[in-house]
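1. Sequence and predicted model, in that order:
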Amino acid sequence: MMAALTAAEFVFDDGATQSFTADGRTTYVDAGVPSTGEWSVTGDGTFASFWPPTYRATYTVQWIVEDGLPVGVSFTDARSGARFNGRYR
């Protein structure tokens, strides 16, 4: 999972971007406004994120594959079930 998340910056359907670093940091940019948080692998196919001061979320991730090649990752919020598709930039 670490390789999938840190391979490249993600671009979401709404134009927001997100990057993950191997040291557990993440930056989400929406409408040009960045916010920084932390992330960690919590199990097979799941990770947790923390956005200070109090927001925490857990996501299940799955590859997005087209023509046999991974083109991004689908993130599903464990609490709400909301799904976000991030494609590699």
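-> Everything's here; your move.

2. When you work out contacts or count neighbours from here on, use the C-alpha atoms and nothing else.
-> OK.

3. how about the helices in this structure?
-> 2-6 (DSSP state H).

4. For it, give me the ranges with low pLDDT.
-> The model of the chain has no residue with pLDDT under 70.

5. can you pull the contacts of V65?
-> For V65, the contact set (C-alpha atoms under 8 Å, 6 or more residues apart in numbering) comprises 71-72.

6. Quick one: the strands in this structure, in order.
-> Counting by DSSP state E, the chain has strands at residues 10-12, 17-20, 25-30, 33-43, 46-51, 55-66, 69-77, 83-88.

7. Which one, of these, ends up nearest to A3?
-> Nearest of these to A3, taken as C-alpha to C-alpha: strand 17-20 at 9.9 Å.

8. so what does that closest one touch, helix or strand wise?
-> Under the contact definition 3 or more C-alpha pairs under 8 Å, 6 or more residues apart in numbering; DSSP states H and E, strand 17-20 sits against helix 2-6, strand 10-12, strand 25-30.

9. Alright, I will stop here.
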